[in-house]
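Undergrad: heads up, no residue letters with this:
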């Protein structure tokens, strides 16, 4: 079984126990996928025409309209707490008793960096650890506080535990007393597959 | 007396009681200016070679290294509170008893909008009023919360009063119990000129 999570920027692939960013290819095993990028999805389906889109098999409670399938999967195995997927965007979703209560989208850390440089070349932030409790006294710390710090402030405004995933998840997690789970989205996909084990798609 | 505040994107000019965004020209009166943009500053000086750069006449208490001259001027007339200049970037500076305690730089509202669209065309936020106390239940509100909301959360994490200026100052001000002062930077420039009235630059 191969799991593919097609993000805005990358293909994330779980091949047996290994999950990583990879180029897409023709797989010999059954492929299950989710996608937020139509162009990349088309490429996957050209090479693997029988790949199953898990969006058709979702069982997830929320009043949020058109919640991204990647966010649903990241939240699916979390009963209570905040789920943060820090990729090209940072999504922050709040779960209570297995119900999705709403969520927030912020720019990813790299998107913040790019946005600053576009305003002025002087605003080229170096991303590193800093103290969120100290008022910045120089440009780099002011930019760090206004990007990484802003993301953390929003996260901390909700009750934990805090579950992080995504490329910058480990970095953000190091600021709060959080839990970093590299394969959180894949766990949601696996749960979805298990829930639908008796459904038609596993028999196709 | 003409006051010119050269920002990252615009020339802001105060000509007598009128302050506005204008094209730069040769002025017949004495010109005082501040600048964060060397190229635009050069243009001003080509047309007005005797224009006085107020950065050489600053009297301002801070431990912040290389604090932008525009931020100094915006803070100069505020004794206590938070000073927010919302232009292409949003700067948030904290004043206590006339002393600058530190500050934060965030992307401007338009920079957030651009950053989101660059991540995905789907993330095209429409900037408008929203309720900061409600967890977003759709994409536009999630993006508003993660941009405008993040700026407001950072601002509100400090004790007011909140003084807003800049192109998006009035909009941001409407969310908190703040004070919008269109010519806050010019007020600081005027104060600086008064403080230096007996100094050499007024006699040149």
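TA: Sure thing, it's come through. All values derive from a computational prediction rather than experimental measurement.

Undergrad: So for chain A, the centremost residue is which one?
TA: residue A:85 (3.1 Å; C-alpha atoms, centre = their mean).

Undergrad: Relative to the one helix or strand it maps to, what are the paired strands and their orientations?
TA: For residue A:85, the element it lies in under DSSP states H and E is strand A:81-86. Strand pairing for strand A:81-86, using DSSP bridges, gives strand A:89-96 (antiparallel), strand A:162-165 (parallel).

Undergrad: Turn the ones you listed into TSV, including distance to residue A:23, mean pLDDT and mean neighbour count.
TA: Using the backbone N, CA and C atoms, a C-beta is placed for each residue, glycine as well. Shown next, in TSV, are these (distance: least, C-beta to C-beta, whole Å; pLDDT from 0 to 100; neighbours: other C-beta atoms under 10 Å in any protein chain shown):
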stretch	distance to residue A:23	mean pLDDT	mean neighbour count
strand A:89-96	22	98	23
strand A:162-165	21	98	25
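
Undergrad: Figure out which of the ones you listed is closest to residue A:183.
TA: Between residue A:183 and the strands paired with strand A:81-86, the shortest gap by C-beta to C-beta is with strand A:162-165, which sits at 7.6 Å.

Undergrad: For chain A, just list every one of the helices.
TA: A:38-47, A:69-76, A:109-119, A:139-144, A:150-156, A:169-173, A:184-195 (DSSP state H).

Undergrad: Burial-wise, tell me which of the ones you listed comes out on top.
TA: helix A:69-76 (a mean of 26; mean count of other C-beta atoms under 10 Å in any protein chain shown).

Undergrad: Helix or strand with the lowest mean pLDDT in chain A?
TA: Ranked by mean pLDDT, DSSP states H and E, the weakest helix or strand in chain A is strand A:18-21, scoring a mean of 66.

Undergrad: which intervals of chain A have sub-threshold pLDDT?
TA: Flagging of chain A using pLDDT under 70 yields the residue ranges A:16-21, A:198-204.

Undergrad: ok, now which ones touch the residue of chain A most remote from its centre?
TA: Distance to the chain centre peaks in chain A at residue A:137, reaching 32.3 Å (criterion: C-alpha atoms, centre = their mean). Counting by C-beta atoms under 8 Å, 6 or more residues apart in numbering or on different chains, residue A:137 touches B:63, B:64, B:65, B:102.

Undergrad: List buried members of the residues you listed by neighbour count.
TA: B:64, B:102 (16 or more other C-beta atoms under 10 Å in any protein chain shown).

Undergrad: Out of the contacts of residue A:137, the closest to chain A would be?
TA: Closest to chain A out of the contacts of residue A:137 is residue B:102 (2.9 Å), distances taken as C-beta to the nearest C-beta.

Undergrad: who's in contact with the residue nearest to the closest one when sequence neighbours are not counted?
TA: Nearest non-adjacent residue to residue B:102, counting by C-beta to C-beta, 6 or more residues apart in numbering or on different chains: residue A:135, 2.9 Å away. Residue A:135 is in contact with B:94, B:101, B:102, B:103, B:104, counting by C-beta under 8 Å, 6+ apart.

Undergrad: Quick check: the farthest pair among those?
TA: Top of the distance list for the contacts of residue A:135 (C-beta to C-beta): B:101 and B:104, 11.3 Å.

Undergrad: For those two, indicate the residue with more neighbours.
TA: Neighbour count, other C-beta atoms under 10 Å in any protein chain shown: between residue B:101 and residue B:104, residue B:104 has more, with 27 against 16.

Undergrad: Show me what that one bridges to in the sheet.
TA: Bridge pairing for residue B:104 - DSSP bridges - gives residue B:92.

Undergrad: returning to what we had before: now find how far off-centre the strand holding residue A:85 is within its chain.
TA: Counting by C-alpha atoms, centre = their mean, to the nearest Å, strand A:81-86 is centred 8 Å from the centre of its parent chain.

Undergrad: tell me which residues in it are buried?
TA: Going by neighbour count (16+ other C-beta under 10 Å), the buried part of strand A:81-86 is A:81, A:82, A:83, A:84, A:85, A:86.

Undergrad: so the first one sits right up against residue A:162, yeah?
TA: This points to residue A:81. Yes - contact status for residue A:81 versus residue A:162: in contact at 6.4 Å, counting by C-beta atoms under 8 Å.

Undergrad: list the residues that contact both of these two?
TA: Counting by C-beta under 8 Å, 6+ apart, nothing touches both residue A:81 and residue A:162.

Undergrad: what's the distance between residue A:29 and residue A:70?
TA: Using C-beta to C-beta, to the nearest Å, one obtains 22 Å as the distance from residue A:29 to residue A:70.

Undergrad: nope, residue A:24 is what I was after
TA: Separation of residue A:24 from residue A:70 (C-beta to C-beta): 16 Å.

Undergrad: Same check on residue A:103?
TA: Residue A:103 sits 12 Å away from residue A:70, going by C-beta to C-beta.

Undergrad: Overlap in contacts, those two.
TA: Residues touching both residue A:103 and residue A:70 by C-beta under 8 Å, 6+ apart: residue A:91.

Undergrad: what about residue A:50, how many residues close to it?
TA: The local packing of residue A:50 (other C-beta under 10 Å) involves 9 other residues.

Undergrad: these two touch, right, it and residue A:33?
TA: No - in this structure residue A:50 lies outside contact range of residue A:33 using C-beta under 8 Å: 11.1 Å.

Undergrad: and residue A:77, how many neighbours?
TA: Around residue A:77 there are 20 other residues, counting by other C-beta under 10 Å.

Undergrad: Need the nearest residue in space to it, chain neighbours excluded.
TA: Nearest to residue A:77 is residue A:187, by C-beta to C-beta, 6+ apart, at 4.7 Å.

Undergrad: Now do the same contact list for the one you found.
TA: Applying C-beta under 8 Å, 6+ apart, the residues near residue A:187 are A:73, A:76, A:77, A:181.

Undergrad: closest one to residue B:11 among the helices of chain A?
TA: helix A:109-119 (16.5 Å).

Undergrad: angle of that closest one against strand B:89-96?
TA: Interaxial angle, helix A:109-119 versus strand B:89-96 (axes from the mean of the first three to the mean of the last three C-alpha atoms, to 10 degrees): 90 degrees.

Undergrad: and helix A:109-119, what does it pack onto?
TA: Contact partners of helix A:109-119 among helices and strands, from 3 or more C-beta pairs under 8 Å, 6 or more residues apart in numbering or on different chains; DSSP states H and E: strand B:99-107, helix B:109-119.
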